[in-house]
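> make a model of this:
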Amino acid sequence: MIAKDTIVAISTPIGQSGIGIVRMSGNRAFDIARRIFSSSSRTKISWNSSFKMYYGWIVDPDKNERIDEVILSLMKAPRTYTREDIAEINCHGGLVPLRKILEVCLKQGARLAEPGEFTRRAFLNGRIDLSQAESVLDIVQAKTEKTLKLAVKSLEGKLSKCILAIREEMVDILSLIEAEIDFCDEDIQALSKEEKEKRIDSLIKKVEKLIDRATTSQIYREGVKVVITGKTNVGKSSLLNTLLERERAIVSHIPGTTRDTIEETINIKGFPVCIIDTAGLGESKDPLDKESIKRAYDSLKMADIILLMVDGSLPLEEEDEKIFSVVKNFKKQILLVINKIDLPLKISKSKLRKIFPSLSPVETSATQGTGIDKLKTQIASFILGKISSDSEEIMINLRQKNCLKKTKSCLSRAKEGLKNNLSEELLALELREGITHLDEITGYRLGEEVLDRIFSQFCIGK
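Next up is the predicted model:
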């Protein structure tokens, strides 16, 4: 379904850079390019050829005025990203030349693309299915190499193949059941009740496996939140800076230097980890300190892991024990960190063991980098404990997970119905509904409203 209109957008981030790209897609892309492009060589432009690049100038035809020196790339349908004619203008990356070229394209009849519209056309024109289109967003937003690798597998169609294999088996069972219904008077080979149960149970396990992978996908996509907490001046900001390997937070011997939360994402063993530095917990009458403490509490509520820091150069105080009680109430994964081990040790480890009998403290010197690798290993171990052990990992987002859950519910009802001698007609109905939910993942059956919601997450130009 080649669209009738031609869309245009700036496909590179707005700002100053060496190169910027203005992309057009549609049946008038070449015609518009012909009007605004002037070749700087004697080379004749072949407007019927594909994958050709030409050096020249973009000219405003209304003013006969050169705008920028460019490289024009021509890609002819159907072997393009959108399966439509595509003209890409590689110009200088300043804000003014990019916008001027965009304006000229719009004046010549192109329409400004909506967010994700190029990828949406690739889906609507059948070059990729919906799960592959969504993987494009995962590639753009990938925070680690591992996330990128998994997203590329989805773009290659790995998730689609898994879904289609399950769908094919469901259709096979459904066709046999419907044959029993339609040709009950004829001598046809029917599946036994036991065989139906066995095959449906196998499908449930395959769907469950994909649902489990969604948890892993969420971790790779969004990462985990690690909140550093403890009383003031235990070295929280120093630890943040050491983990980031740069001076992100202000460090001072004066207590209460950190007033706001500071968030940064780092890569630990291939996982994106959002490290959040917070103000020291405690009590204060100062309005600013109160707000800082409130924000620290809000961060702890969202944490996947709490790095509870204590000062190893001081004995445990009543303030420490109050913070321990607060942190325990959040019922989160806690990693206990004894900091400042470069100074004489005065903290009681035996007292810590009584308070946290199941925790093995990590001893660090945030200023000197001691124990940081061990701390990273413990964070990675926690993450690995949450993800699927399946080596064939696939990126599955929340929308896809919900579709799989609906398919599982249909299969579970069918399995239960078999045990209760459910009629073949109702059994077939459950299987048909389950297949419909699978089709929502690949996009074979999906309304415009859902498509709008999915592609609105994309940037304009992609």
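> any buried residues in the helix or strand Leu176 falls within, and which?
Under the criterion of DSSP states H and E, Leu176 resides in helix 158-182. Of all the residues in helix 158-182, those buried under the rule 16 or more other CB atoms under 10 Å are 158-160, 162-164, 166-167, 170, 173-174, 176-178, 180. The C-beta positions use only the backbone N, C-alpha and C, and glycine is treated the same way.
> right, and the helix or strand after that helix?
Criterion used, DSSP H and E; the element after helix 158-182 is helix 193-222.
> chain center to that next one, what's the gap?
Computed by CA atoms, centre = their mean, to the nearest Å, the chain-centroid distance of helix 193-222 equals 21 Å.
> now the element after it, going C-ward?
Downstream of helix 193-222, the first helix or strand assigned by DSSP H and E is strand 224-229.
> break the chain into its domains for me.
According to automatic domain parsing, the chain comprises the domains 7-126, 136-219+397-443, 223-386.
> dump those to a markdown table, plus distance to Glu449 and mean pLDDT.
Output for the domains of the chain, formatted as a markdown table (distance: least, CB to CB, whole Å; pLDDT from 0 to 100):
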| stretch | distance to Glu449 | mean pLDDT |
| --- | --- | --- |
| domain 7-126 | 14 | 92 |
| domain 136-219+397-443 | 12 | 87 |
| domain 223-386 | 30 | 81 |
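> please name the nearest non-neighbouring residue to Gln333.
Ile305 (4.9 Å; CB to CB, 6 or more residues apart in numbering).
> same check on Ile181?
Among residues not flanking Ile181 along the chain, Glu424 sits closest, at 5.1 Å (CB to CB, 6+ apart).
> rewinding a little: which among the domains of the chain is found nearest to Gln457?
Gln457 sits nearest to domain 136-219+397-443 of all these, at 6.0 Å, using CB to CB.
> quick one: end-to-end distance for that closest one.
Separation of the first and last residues of domain 136-219+397-443 by CA to CA, to the nearest Å is 15 Å.
> report the distance from that domain to the chain centre.
Centroid displacement of domain 136-219+397-443 relative to its chain, using CA atoms, centre = their mean, is 23 Å.
> equivalent analysis for stretch 10-30, please.
Mean-position distance between stretch 10-30 and its chain equals 24 Å (CA atoms, centre = their mean).
> on that earlier part again, Serialize the domains of the chain to JSON lines and add fields for distance to Arg453.
Formatted as JSON lines, the domains of the chain follow (distance: least, CB to CB, whole Å):
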{"stretch": "domain 7-126", "distance to Arg453": "11"}
{"stretch": "domain 136-219+397-443", "distance to Arg453": "9"}
{"stretch": "domain 223-386", "distance to Arg453": "23"}
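> sorry, back to before: surely the residue nearest to Ile181 touches Ala179?
No: assessed by CB atoms under 8 Å, Glu424 is found out of contact with Ala179, at 10.0 Å.
> ok so, going back, which helices and strands does the helix holding Leu176 pack with?
Helices and strands in packing contact with helix 158-182 are listed as helix 130-141, helix 193-222, helix 398-419, helix 424-442; criterion 3 or more CB pairs under 8 Å, 6 or more residues apart in numbering; DSSP states H and E.
> give me that answer again for 10 Å
Applying 3 or more CB pairs under 10 Å, 6 or more residues apart in numbering; DSSP states H and E, one finds that helix 158-182 contacts helix 130-141, helix 145-155, helix 193-222, helix 398-419, helix 424-442.
> bridging residues for Gly20?
Cys91 (DSSP bridges).
> how much space between it and Gly94?
Distance from Gly20 to Gly94, counting by CB to CB, to the nearest Å: 7 Å.
> so which of the two has more stuff around it?
Ranked by neighbour count (other CB atoms under 10 Å), Gly20 and Gly94 place Gly20 first, with 26 against 16.
> contacts only, for that one.
10-14, 68, 70, 89-95, 97-99, 101-102 (CB atoms under 10 Å, 6 or more residues apart in numbering).
> in helices, which of those residues fall?
Residues of those located in helices (DSSP state H): 95, 97-99, 101-102.
> can you say which of the residues you listed are buried?
If we count by 16+ other CB under 10 Å, the ones in helices among the contacts of Gly20 have these buried: 97-98, 101-102.
> quick one: those residues as a markdown table, columns for distance to Asp373 too.
Shown next, in a markdown table, are these (distance: CB to CB, whole Å):
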| residue | distance to Asp373 |
| --- | --- |
| Pro97 | 47 |
| Leu98 | 44 |
| Ile101 | 50 |
| Leu102 | 49 |
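> ok, the residues you listed vs Tyr54, which is closest?
Ile101 (15.1 Å).
> circling back: which two among the buried ones among the ones in helices among the contacts of Gly20 are spaced furthest apart?
Longest span within those, CB to CB: Pro97 and Leu102, 9.6 Å.
> which residues are in contact with both of these two?
Common neighbours of Pro97 and Leu102 (criterion: CB under 10 Å, 6+ apart): 20, 22, 89.
> where along the stretch 1-150 of the chain do the strands fall?
7-10, 20-25, 37-39, 52-60, 65-75, 86-91, 111-112 (DSSP state E, counting those that start in this stretch).
> for the closest residue to Arg79 other than its chain neighbours, give its distance to Ala77.
Spatial nearest neighbour of Arg79, excluding adjacent residues (CB to CB, 6+ apart): Ser50 at 6.4 Å. As judged by CB to CB, Ser50 and Ala77 stand 8 Å apart.
> identify the contacts common to those two.
85-86.
> which of those two has more neighbours?
Neighbours were counted for Ser50 and for Ala77 using other CB under 10 Å; Ala77 has more, 18 against 15.
> now the more buried one: how far from Asn125?
From Ala77 across to Asn125, the span is 9 Å (CB to CB).
> which strand or helix spans Ile266?
strand 262-268.
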